[in-house]
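Chemist: build the 3D model from these lines:
(2 chains)
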Amino acid sequence: MSETEKTQFTVVPGEAVGTVAAQSIGEQSTQMILRTFHAAGIASVVTTKGLPRLIELIDARKKPKFPTMQISMEKGVESKYEKVRDIWRKLEDVKVKSLKLNVDEDFRTSSMVITLDPEKLSFFELTARQVVSKLSKLEGVEAELDGGAIKVKAKKKEGIKATRTTFVNILDTSVSGVPGINKALIQQNDDGTYYITTSGSNMEEVLKIDGVDKKGVYSNNPFEVARIYGVEAARNLIANELLTTIKEEGLTVSFRHIGLLADAMTYTGTIRSAGRHGIAGDKDSVLARAAYEETVKHFINASVFGEKDQLKGVAENILIGKQIGLGTGRIKLAVKKEDIKKLSEK
Amino acid sequence: MQAEAIDFIRFTTVSPTTIKKMSVAKLIVPDTYNEDGYPIDGGLVDQRLGVIDPGLKCKTCGGRVKTCPGHFGHIELVRPVVHPEFAKTVYLLLQATCSNCHKLLLTTDQIADAQPLIKSIVQSEEVIDEANAASVLTTIEEEDRRMLLIKKLKAVKKCPHCQTQQPKIKLERPTFFYVNGTKLKPDELRDWLSKIPDEDLKGLGIDPLATRPEWLILTVLFVPPVNVRPSITLESGERSEDDLTHKLVDIMRINQRLEQDIDAGAPQIIIDDLWELLQYQVTTYFNNETPGIPVARHRSTRPLKTLAQRLKGKEGRLRYNLSGKRVNFSARTVISVDASLTINQVGVPKKIAENLTIPIYVTLWNVDEAKKFLENKTYPTVLNVITKEGIRKRITEANREEIIKLVEPGYILERQLIDGDISLLNRQPTLHRLSIMAHTVKVLPGRTMRIHVSATVPYNADFDGDEMNLHVPQSLEAQAESRYLMQPKDLMLTPRDGSPIMALEEDQIIGIYMLTRDGSVFDKEETSILMSSVGIYEMPEPEKNGMYSGKAIFSMMLPKTLDYDYKAGQNHVSIKKGKLVSGLISEKLVGSNGLLMLKAFEDYGSDYAMDFLINMAKMALRVTAKAGITISVKDYYNPDVVNKEKDAIVRDVEAKAAELATRFKEKKLDSLPGYTMKETLEIEIMAELEEARSMASMSLNKHIGPENRTQLMAMVKARGNILNFVQTSMLLGQQAVRGRRPSRGYKGRILPYLKRNDKSPLARGFVESSFFDGLKPIEFFMHAMGSRDSAMSKSLVTAQSGYLQRRLINAMQDFYVDENLSVKDASGALIEALYGGDGIDPTKERLARE
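Modeler: The predicted structure follows:
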């Protein structure tokens, strides 16, 4: 692009880009659907989509309703199904109940006998011993190997209900897999390489697994990404997730609007929501905060701490009836005193 | 009235001494008017507090209803009470200070440590350096550190100063405090708080000049002026007092009884009861929605609206009255179309034009012109004159001549609206900035405001009864800004992504299609009509047979220098030197994605682009009118082939679904990865049934051509899509409730008509009838379920996305582009170093890209 063209297309200083971004995103969100499940027919992990996902991101929820990861494999691994399968085995959350063949519960003695399925054991490359050691770590539970079965004795508890809960907990114990990941699916790219999508996420643990491409692990949870890769990564993630969510609906919003929103949420170094506990609640101006939400609270606190409103923002100036300092309102005309004199003489 | 400039606003609490100083009257009588309907002295509508009855004079300033600003009074409370809204602050202070020596529970060193980080909050005297983004960061950090400090203080068990073991302090909402289980009365609280040294308060970030903690326990109550709480006189002559007045009467009554009882030496129990009652009354006076206490009600059981309720929420003072402004010089009426206007114009009914005014600032140079308006006795005339002294006079026949003589430079004449004036047009909901644009006025007969069809898109308006608002900018500055920045012709590209928002619509697209498709020819007469419709008075190059090709006619509207190439599938559009050589002008080029529109806008400017759009629209409509875009019932009787194919499709789908069901029953279905077999069945059946619709549309596309106007509309993307056609004339397809097939109802079936465990598609909401054929009863119910579901979710989306937009705007409204193209907020914090990473204006984004 030539220099003249560049100037021709540049933004005008003073432009209220925040409002434009908010309107562009907001106006489009009216067209969105409200459903979580949308894509039927495609075998994939359930994720939040449409308006709920948009709200989830903008609210900066600590954990998405449906966390998910996409895990790429290292060069030597990605095209070999067997190797990918090995990694998948390490990921998938395997619980005692998914290994069992049969369970005998004795409520009187508060003990149970779990018969394990050898096929399943070998599939996940586990031994009965590993299961026993996992179970023994539970509080008040004793487990021992008895042939192909595991004898489990729990501490006697009052009432059948309590015993029942203990039994359920025993069966729900994870034997292997990455905590936080419930389900993993192997999927294929167009070029024939494999990757894994998961429901549930745990970046820290996944990154430790050999064969996983350390640069190719994606989670849809900004907080998790911020923790491991820093806010800049989280900013990109938020922007990217917003963009995908909007695009999935067949809507178009310029990336600069989305990027600005993501920047607004992250420029302080932490992720803040766009709501009353985030950007809007952290504003300097008492009046702007009070005009938004929790009016009384803001006035009360402002008076205790003797806060001063500098009246710089948009909301405050509308409130007191002054012109706002954005757009054409940002430009002030200065005239030299002597010039005024000259004019008035004429 | 010009508001005085406000530099800043400082928030503080008010001390009892200040209250007394500001007060003009100590109120002692818990009543309002006497039997004669005259304000009681020392009562709640004491005339020293201002007046609301016309005819009475304020005893403080001598002003009348309109001139007296109102004055504060006060009530002296016999016993102190806790200000309910500050109870949390008080609680914090009690926890942070020693119960014995009332010092902060930190050693002097620790306080010193805390001081510097707190200081900058307290001493926010210096204006935050506008360009200093770091300062904001530190303030936020300090906020956190303050919280940490408070947390630390709560954990301190022993006073580092006097070694006293700290008691456990409890706050029982809303206003009761307990120290080790015994109640701390407000006067004891006040004692404690007043002993906290100023220095220690600073340690907590509290500015002792703004708030001394003992002020949070009320001994004197501020009484707002009467014009803050005016009473209304009912038709029966009865007076009805404001809720605040009612509440204040309650407070004073209890206060008086408490005083009498104390003087009479009543038992402590009775006094304490009354004291608590006084606390209740004061609590509800400040906030009648305080959690934990019963709501104070009016006689009619309606909850009273007290101070907090007045400020709060959508209908509260801040959002309703302060953020929401009401204006003069505006009009509102129904809108309708006018094809002969440009998109820049608005047709204003004469009645409205007669009532709206625009000021003429009389100068040396326009004095004669101004007087000419003044001389008019009818329509474009002057309604009011504002003299040099700022006095507004209405022009009447009696004083017209006299005023004409007086007018000289410096006068302002308010003249009626005429053609060519600038006005702002707005439609709610104002979802984006294009919902307000500047149109030039065209005064027209009739009662509706008229706009060009292409201007409806940014407003999201239609003409089914929509109303719009018109505003007339008064200052020359505002008028200039409107003209230069807000006219639709300059706003044809949306800031959302830079694509044209004003483009050809619906039958205009059909028209352009019919005009420019291959083989479209017009005879001399038709061509003349088309050309003159767009104001071109020369003929295009005729074909050999004396006819004129549509492409040649279209080319007449193009600039002679335009070269353009566009390829999409078989359509190869080529414009050379302003001549459409080949190709069909499609929706892609002139519709809402308007590549050609974009090109015109970029190369020939906004005025040309607007004319181009309007001319195309006009000519296209001529073509459609001539050709006749019409549908008949006949169009929806499908040819036999289609009917046969439809039957085949439906039978096929049913068979496939049945087959899937059997395989499921026999447990032979391969489940999709990550799904159970039951889920897999559902997904696969859904996919099959979905397939039916697309098969149907393929069949329609194959057998029905553009001579069917419904098909044509969908084909050229003028309106609707093939699916609408399929649903009208072939089959409706699968109905969905919550994104799935309907599943709820009775045990094993959805409707009582069905047999249990019916696995047929019909039983789960597959509709094989079309709208044209009519639905079977079962299908009708299924369809109704789907419709209800989508209606419900639509209304939810509007509510949710409305709130989302409010939040987004609130979060980002202060952001602006600085001179160096960085993005900053009101406090000067740097949001982006270079806007969008490239500093390009979003409206010009696509221009820059292409």
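Chemist: which of the helices or strands spans B:I649?
Modeler: Using DSSP states H and E, B:I649 maps to helix B:640-665.
Chemist: and the helix or strand following that helix, which residues are buried?
Modeler: Using DSSP H and E, the helix or strand that follows helix B:640-665 in sequence is helix B:677-703. Within helix B:677-703, the residues scored as buried using 16 or more other C-beta atoms under 10 Å in any protein chain shown are B:680-686, B:688-693, B:695-697, B:699-700. (Each C-beta comes from the backbone N, C-alpha and C, glycine too.)
Chemist: what's the angle from helix B:677-703 to helix B:640-665?
Modeler: 170 degrees (axes from the mean of the first three to the mean of the last three C-alpha atoms, to 10 degrees).
Chemist: just the pLDDT at the residue nearest the centre of chain A, thanks.
Modeler: Computing the C-alpha centroid of chain A and ranking residues by C-alpha atoms, centre = their mean puts A:N221 first, at 2.1 Å. At A:N221, the model reports a pLDDT of 91.
Chemist: for it, grab phi and psi.
Modeler: With angles defined as degrees, to the nearest 10, A:N221 sits at phi -110, psi 110.
Chemist: how about A:F255: what's its closest non-neighbour residue?
Modeler: Using C-beta to C-beta, 6 or more residues apart in numbering or on different chains and skipping the chain neighbours, the partner closest in space to A:F255 is A:L243 (6.3 Å).
Chemist: you'd agree that neighbour is in a strand?
Modeler: No: according to DSSP: H, G, I helix; E, B strand; the rest coil, A:L243 belongs to no strand; its state is helix.
Chemist: residues touching the residue nearest to the centre of chain A, list them.
Modeler: Contact partners of A:N221, counting by C-beta atoms under 8 Å, 6 or more residues apart in numbering or on different chains, are A:K63, A:P64, A:P67, A:S201.
Chemist: for A:Y218, see how far away the first one is.
Modeler: Okay, so that is A:K63. To A:Y218, A:K63 is 16 Å away according to C-beta to C-beta, to the nearest Å.
Chemist: now the strands for chain A?
Modeler: Per DSSP state E, chain A carries strands over the ranges A:68-73, A:94-95, A:100-106, A:111-116, A:141-146, A:149-154, A:174-176, A:183-188, A:194-199, A:212-219, A:308-309.
Chemist: which of those strands sits closest to B:D607?
Modeler: Closest approach to B:D607 among those (C-beta to C-beta): strand A:308-309, 44.7 Å.
Chemist: ok, and what's touching the closest one?
Modeler: Here strand A:308-309 makes contact (C-beta under 8 Å, 6+ apart) with A:D284, A:S285, A:V286, A:L287, A:A302, A:E316, B:F8, B:I9, B:R10, B:F11, B:S124, B:E125.
Chemist: which among these end up buried?
Modeler: The neighbour-count criterion (16+ other C-beta under 10 Å) marks A:D284, A:S285, A:V286, A:L287, A:A302, A:E316, B:I9, B:R10, B:F11, B:S124 among these as buried.
Chemist: redo those residues as TSV? Include distance to B:P458.
Modeler: What follows is these, written out as TSV (distance: C-beta to C-beta, whole Å):
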residue	distance to B:P458
A:D284	34
A:S285	31
A:V286	36
A:L287	31
A:A302	40
A:E316	29
B:I9	37
B:R10	43
B:F11	41
B:S124	43
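Chemist: dump these into TSV; add pLDDT and distance to B:F286 as well.
Modeler: Shown next, in TSV, are the buried ones among the contacts of strand A:308-309 (pLDDT from 0 to 100; distance: C-beta to C-beta, whole Å):
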residue	pLDDT	distance to B:F286
A:D284	83	26
A:S285	86	24
A:V286	87	18
A:L287	89	20
A:A302	85	16
A:E316	90	24
B:I9	89	21
B:R10	89	21
B:F11	89	16
B:S124	41	27
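Chemist: B:E172: which of those residues is nearest?
Modeler: B:E172 lies nearest to A:A302 out of the buried ones among the contacts of strand A:308-309, by C-beta to C-beta, at 26.1 Å.
Chemist: phi, psi of B:A568?
Modeler: Backbone torsions of B:A568, given as degrees, to the nearest 10, read phi -150, psi 110.
Chemist: show me what contacts it?
Modeler: B:S586, B:K588.
Chemist: give the buried residues for the helix holding B:I649.
Modeler: Neighbour counts over helix B:640-665 (16+ other C-beta under 10 Å) mark B:V642, B:E645, B:K646, B:I649, B:V650, B:V653, B:E654, B:K656, B:A657, B:L660, B:F664 as buried.
Chemist: ok, stretch B:41-54 next?
Modeler: Across stretch B:41-54, burial judged by 16+ other C-beta under 10 Å covers B:G43, B:L44, B:V45, B:D46, B:Q47, B:R48, B:L49, B:G50, B:V51, B:I52, B:D53.
Chemist: ok, back up a step: I'd like the strands of chain A as a markdown table, with mean neighbour count and distance to B:L598 appended.
Modeler: Putting the strands of chain A into a markdown table (neighbours: other C-beta atoms under 10 Å in any protein chain shown; distance: least, C-beta to C-beta, whole Å) gives the following:
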| stretch | mean neighbour count | distance to B:L598 |
| --- | --- | --- |
| strand A:68-73 | 21 | 36 |
| strand A:94-95 | 18 | 56 |
| strand A:100-106 | 14 | 65 |
| strand A:111-116 | 20 | 67 |
| strand A:141-146 | 16 | 70 |
| strand A:149-154 | 20 | 71 |
| strand A:174-176 | 18 | 57 |
| strand A:183-188 | 18 | 38 |
| strand A:194-199 | 21 | 38 |
| strand A:212-219 | 16 | 35 |
| strand A:308-309 | 22 | 44 |
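Chemist: so can I have JSON lines of those showing distance to B:S606?
Modeler: JSON lines is the format used below for the strands of chain A (distance: least, C-beta to C-beta, whole Å):
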{"stretch": "strand A:68-73", "distance to B:S606": "45"}
{"stretch": "strand A:94-95", "distance to B:S606": "65"}
{"stretch": "strand A:100-106", "distance to B:S606": "73"}
{"stretch": "strand A:111-116", "distance to B:S606": "76"}
{"stretch": "strand A:141-146", "distance to B:S606": "77"}
{"stretch": "strand A:149-154", "distance to B:S606": "79"}
{"stretch": "strand A:174-176", "distance to B:S606": "65"}
{"stretch": "strand A:183-188", "distance to B:S606": "49"}
{"stretch": "strand A:194-199", "distance to B:S606": "48"}
{"stretch": "strand A:212-219", "distance to B:S606": "43"}
{"stretch": "strand A:308-309", "distance to B:S606": "41"}
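Chemist: circling back: nearest to chain A among the buried residues of helix B:640-665?
Modeler: Nearest to chain A, judged by C-beta to the nearest C-beta, of the buried residues of helix B:640-665 is B:L660 at 13.0 Å.
Chemist: pick out the residue of the stretch 101-250 of chain A closest to chain B.
Modeler: With C-beta to the nearest C-beta as the measure, A:L185 is the residue of the stretch 101-250 of chain A nearest to chain B, at 4.9 Å.
Chemist: tell me the domain boundaries of chain B?
Modeler: The record's domain split for chain B, according to automatic domain parsing, is B:24-71+B:224-321, B:85-213, B:330-491, B:506-627, B:633-792, B:816-849.
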